[in-house]
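>>> what shape does this take:
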Amino acid sequence: MMEFGAKLGAQLRGGECIILTGDVGAGKTVLTKGLARGLAVDDDVQSPTFTISRVYKGRDELELAHYDFYRLSEPGIMKDELREVLSDSQVITVVEWADIVENVVPDKAIRIMISPLSETSRSLEITGADTLLRGESI
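Numbering: from 1, shown residues only. I've put the predicted structure just below:
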């Protein structure tokens, strides 16, 4: 997950929205750590399960905004914050447990569904990344 995330992160240019789905422990935060590595984020990336969001500075003045709506039954003001972040072309937005904010998420979002196959392997179903992944081997 880390290696895939780093390769994907290296291709990101800003303005992308990535929706991560999968059960608890599937590897969503590990994938986000890989994205951060590919974006040259120096900070230790942590799950925002309790803080709801975290923002990290990366290469080329890009930022990685990481949201986790697992604990919310209603997004409240976080919906407005997410909408604002999604309009910033210098931000790559990663959202875990996005069901609660589905009407805010852009149609062009990259969606990655993670399914554990074993303790050390995962299956990924990726949609919406056609132009990003075209001709690239990740």
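>>> name the nearest residue to Arg59, ignoring sequence neighbours.
Ala40 (3.9 Å; C-beta to C-beta, 6 or more residues apart in numbering). The way it works is simple: take the backbone N, C-alpha and C, and place the C-beta from them, glycine included.
>>> tell me what the residue nearest the centre of the chain is bridged to.
A centroid search over the chain (C-alpha atoms, centre = their mean) returns Val94, at 2.5 Å, as the residue closest to the centre. Val94 forms beta bridges with Ile18, His66, as assigned by DSSP bridges.
>>> hmm, it is touching His66, no?
Yes - here Val94 reaches His66: they are 4.8 Å apart, a contact under C-beta atoms under 8 Å.
>>> so the residue of the chain positioned farthest from its centre, which of the three states?
No residue in the chain sits farther from the centre than Ser118, which is 22.3 Å out by C-alpha atoms, centre = their mean. When classified by DSSP: H, G, I helix; E, B strand; the rest coil, Ser118 comes out as coil.
>>> any idea of the pLDDT on it?
On pLDDT, Ser118 comes in at 91.
>>> do Ser137 as well
48.
>>> do the same with Tyr56
On the pLDDT scale, Tyr56 gets 97.
>>> surely it is within a helix?
No - looking at Tyr56 with three-state DSSP, it is strand, so not inside a helix.
>>> could you report the neighbour count for it?
20 (other C-beta atoms under 10 Å).
>>> you'd agree it is up against Asp44?
No - counting by C-beta under 8 Å, Tyr56 sits too far from Asp44 to count as a contact (9.3 Å).
>>> picking that back up, name the residues contacting each of Val94 and His66.
Common neighbours of Val94 and His66, using C-beta atoms under 8 Å, 6 or more residues apart in numbering, are Thr32.
>>> many thanks, have a good one.
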